[in-house]
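Chemist: sequence-free structure coming up:
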């Protein structure tokens, strides 16, 4: 993608939501919108935008962050404003699912209240703009 130094190839460094958007656009010709949020405490301000994305586009949203240090897939929204939850799927899971309840019990899939995001971390949402 030429957005990183040559030393990035083969490294164990992670990419973020911006790089995910670049890859989706490059490999699949699907443009993405990046929504930057300065603090986790501002996530409730973006619930209406996420809800509209799911209503009009329907694609999952990639969520990257700073000090939170855990990328997330957002697959749904429940509620409005400060009383909202995001349906989080951890993209780091691998393996065969033996019991779907295990995914929830071990935190791989969960509803996370918007107040539980870190206020000292920025967040980037990558919203693919593909609609069938």
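Modeler: That came in fine, so what should we check first? All of these numbers come straight from a predicted model, not from anything done at the bench.
Chemist: got the contact list for the worst-scoring helix or strand of the chain on mean pLDDT?
Modeler: The least trusted helix or strand in the chain, going by mean pLDDT, DSSP states H and E, turns out to be helix 100-105, with a mean of 88. By C-beta atoms under 8 Å, 6 or more residues apart in numbering, the surrounding residues in contact with helix 100-105 are 93, 97, 108, 109, 110. From N, CA and C alone the C-beta is placed, and that goes for glycine too.
Chemist: past it, which element shows up next along the chain?
Modeler: Along the chain past helix 100-105, the next helix or strand (assigned with DSSP states H and E) turns out to be strand 109-113.
Chemist: what's the neighbour count on residue 120?
Modeler: When counting by other C-beta atoms under 10 Å, one arrives at 10 neighbours for residue 120.
Chemist: the least confident helix or strand of the chain: which residues count as buried?
Modeler: Neighbour-count burial for helix 100-105, counted by 16 or more other C-beta atoms under 10 Å, picks out residue 103.
Chemist: and what of stretch 66-77?
Modeler: Along stretch 66-77, these residues count as buried under the neighbour rule (16+ other C-beta under 10 Å): 68, 71, 72, 73, 74, 77.
Chemist: residue 113 contacts residue 87, doesn't it?
Modeler: No: contact status for residue 113 versus residue 87: not in contact, 11.6 Å apart, counting by C-beta atoms under 8 Å.
Chemist: so what touches the longest helix along the chain?
Modeler: Counting residues, the longest helix in the chain under DSSP state H turns out to be helix 17-28. Counting by C-beta under 8 Å, 6+ apart, helix 17-28 makes contact with 1, 3-4, 15, 30-34, 62-64, 71, 124-126, 128, 130, all of which sit outside it.
Chemist: try it again with 6 Å
Modeler: When contacts are taken as C-beta atoms under 6 Å, 6 or more residues apart in numbering, the neighbours of helix 17-28 outside the stretch itself are 1, 30, 31, 32, 34, 62, 64, 124, 126, 128.
Chemist: out of everything not next to it in sequence, what's closest to the fourth one?
Modeler: Which is residue 32. Closest residue to residue 32 in three dimensions, ignoring its sequence neighbours and counting by C-beta to C-beta, 6 or more residues apart in numbering: residue 21, at 3.5 Å.
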